[in-house]
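*Asks:* Next comes the sequence, and after it the predicted model I'd like to discuss.
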Amino acid sequence: LNRLLLVPLADVDRKLVRDVARGLRQALRVEVERVFIDVDPERVLDPDRAQYHSTPLIDQLVALGAPAPEERILGMTEGDLFVPILTFVFGEAQVGGPGAVFSVKRLRPTFYGMPENRKLLVSRAVKEALHEVGHTLGLLHCRSAECVMRASTNAREVDLKPARFCRECARSARLDPA
Ligand SMILES: [Zn+2]
Ligand SMILES: [Zn+2]
């Protein structure tokens, strides 16, 4: 990985995108560039579920963003994402690359009736972004509690894991250990 393209989708909070880009730069030690691409999330909206199907959204990102072989492309949205077999997903990635997408909707403390907490939101969003980038670098889920590739099905599980890769995952993704 030598460059990550971070794509803000639709009405995603722009300051949050900048904060996530900064966190990704620190954790991945690669160039993170914010790129504005005209993807059309409404094409993948399921009106009955009021959710966006993440798989074809990634296809749009990859087709329009055309990442180079050593690049990855990651969309960031406020919209709720799903794949048909699950009620929702925090994000989805093409394992081995090049595309991924994640949602901040269910990372917001306010989604759970908690007070707004910017720092917690940024921390969760950086973890979720790193997790999806890890998948695009070929990583699967990791059992280590000290690894961002640990699976998380709710916000609490996101909070419990660190914003970094364990040594084995970093090595197999060919990332500099932080
Ligand atoms: Zn995962
Ligand atoms: Zn790991």
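*Replies:* Now that the structure is in, tell me what you want to look at. Ligands and ions are numbered 1, 2, ... in the order given.

*Asks:* Which secondary structure state does the residue nearest in space to the middle of the chain sit in?
*Replies:* Here the mean C-alpha position of the chain is nearest to the C-alpha of Ala129 (CA atoms, centre = their mean), at a distance of 3.0 Å. Reduced to three states with DSSP: H, G, I helix; E, B strand; the rest coil, the structure at Ala129 is helix.

*Asks:* So which residues of the chain form strands?
*Replies:* With DSSP state E applied, the chain shows strands at 3-8, 31-34, 45-46, 51-53, 71-77, 81-82, 91-93, 99-103, listed in chain order.

*Asks:* which strands and helices sit next to the second one?
*Replies:* By that I understand strand 31-34. Judged by 3 or more CB pairs under 8 Å, 6 or more residues apart in numbering; DSSP states H and E, strand 31-34 is in contact with strand 3-8, helix 14-28. C-beta: built from backbone N, CA, C; applies to glycine.

*Asks:* Apply 10 Å and report the result again.
*Replies:* Under the contact criterion of 3 or more CB pairs under 10 Å, 6 or more residues apart in numbering; DSSP states H and E, strand 31-34 touches strand 3-8, helix 14-28, strand 71-77.

*Asks:* Need the residues that contact that strand.
*Replies:* Contacts with strand 31-34, where a contact means CB atoms under 10 Å, 6 or more residues apart in numbering, come from 1-8, 14, 17-18, 20-26, 71, 74, 76, 129, 133.

*Asks:* Kindly give a single PyMOL line that selects the buried subset of the residues you listed.
*Replies:* Buried subset of the contacts of strand 31-34, written as a PyMOL selection, criterion 16 or more other CB atoms under 10 Å:
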select buried, resi 1+4+5+6+7+8+17+20+21+23+24+71+74+76+129+133
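
*Asks:* Surely Gln26 is in contact with Val126?
*Replies:* Yes - under the criterion of CB atoms under 10 Å, Gln26 lies in contact with Val126, with a separation of 8.6 Å.

*Asks:* anything in contact with each of those two?
*Replies:* Overlap between the neighbourhoods of Gln26 and Val126 consists of 163-164, taking contacts as CB under 10 Å, 6+ apart.
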